[in-house]
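# Quick one, fold the following:
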Amino acid sequence: MPKARALIDGASLGPDALRAVRQAFDEAWAEIASHFAQDPAQVESARLTLANALLSIAEDASRDVQVLKRAALQVMTQNYTTLPIGAKIQPVPEAMTESYWRERAEEVRRLSESVLHPLIKRELIDITYGYERIAKMAGDHQTKAAR
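Take a look at the predicted model:
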């Protein structure tokens, strides 16, 4: 089994989150694989970088494959700036800025404050943390792009 897939399969995530991470990995890799086809060592390294990027943002509440995929592809563009992979990766829409994700986090935080069921409240808080992590990544990306 390739190292990247083994890394994902060994993650401490629930089955639904793990399924979303696997799908996000496969879809993201399909978009960028052609840029790494020349060297098997580079392929393995890039796949591991992609897997680590996904696992750094995934949590048990992660279900949105497109959010996971987009965030992982952003990490790849930051780590492989000398490669032309940006051509295949769609730029983040203007609405997907740090402030966009912070607003989503705040909306879900307010919602969680009105929920009484402890498990639902915990899930909403986890979603809030996920949005905050994405906001930080978006902010880091904006800062790096402005340089």
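
# The residue of the chain positioned farthest from its centre: what secondary structure?
Distance from the centre of the chain peaks at residue 116, with 29.7 Å (CA atoms, centre = their mean). Look at residue 116: counting by DSSP: H, G, I helix; E, B strand; the rest coil, its state is coil.

# Kindly report the domain assignment for this structure.
1-89, 92-147 (automatic domain parsing).

# so can I have CSV of the ones you listed showing mean pLDDT?
Shown next, in CSV, are the domains of the chain (pLDDT from 0 to 100):
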stretch, mean pLDDT
domain 1-89, 80
domain 92-147, 81
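
# Point out the most buried one among the ones you listed.
Counting by mean count of other CB atoms under 10 Å, domain 1-89 has the highest mean neighbour count of the domains of the chain, with a mean of 17. Where you see a C-beta, it was placed from the backbone N, CA and C, and this is true even at glycine.

# just checking, next helix/strand downstream of the helix or strand where residue 31 lies?
Using DSSP states H and E, residue 31 maps to helix 15-32. Downstream of helix 15-32, the first helix or strand assigned by DSSP H and E is helix 40-57.
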